[in-house]
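>>> pasted the sequence and its predicted model underneath.
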Amino acid sequence: MEDCLFCKIAAGEIPSTKVYEDDHWFAFRDINPSAPVHVLLIPRQHVKNILALTDETNKNFSDFFLVVKKIAEQEGLGDNGFRLVINTGAEAGQTVFHFHAHIIGGKAMGWPPFPEDK
């Protein structure tokens with residue numbers, strides 16, 4: 001997609017701190033991390049969010065969890081765990097409308113993960 005920030009990052013048009021890449025996926029460090037490890041994993045193919053997946057685009061998502069596992073292990077998150085967050089839609093907090101998963105860890109995180117609405 002022409003104006004998509006994450007498409008431009010995956011294509012190397014906008015600099016990022018790369019953590020992982022293969023034919024279908026690109027991962028980079030979040031520029032505003034919420035934990036010592038905060039990596040964004042994006043598909044190279046533009047998909048707006050989970051609700052925009054189709055049978056065809058889903059074929060490129062078949063290894064998603066294996067890629068998450070590789071990144072978590074590479075970042076040293078295997079022993080103490082990590083949080084995997086996928087926001088879908090504006091009300092859920094999605095601000096860039098290109099599917100992305102946040103891999104967050106490196107510190108103890110409380111529960112519930114979000115403050116209560118007041």
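Structure received.

>>> and the lengthiest strand in the chain, which strands flank it?
With residue count as the measure and DSSP state E as the assignment, the chain has strand 37-43 as its longest strand. Strands adjacent to strand 37-43 in the sheet, as given by DSSP bridges, are strand 25-29 (antiparallel), strand 101-105 (antiparallel).

>>> looking at those, which is closest to Glu2?
Between Glu2 and the strands paired with strand 37-43, the shortest gap by CB to CB is with strand 25-29, which sits at 17.6 Å. For every residue, glycine as well, the C-beta is placed using N, CA and C.

>>> and the next helix-or-strand element following the longest strand of the chain, which residues are buried?
Next in sequence after strand 37-43, counting helices and strands by DSSP states H and E, comes helix 55-58. Using 16 or more other CB atoms under 10 Å as the test for burial, helix 55-58 gives no buried residues.

>>> got the angle for the next helix or strand after helix 55-58 vs strand 25-29?
Sequence-wise, the next helix or strand downstream of helix 55-58 (DSSP H and E) is helix 64-74. Orientation check (axes from the mean of the first three to the mean of the last three CA atoms, to 10 degrees): helix 64-74 against strand 25-29 gives 40 degrees.
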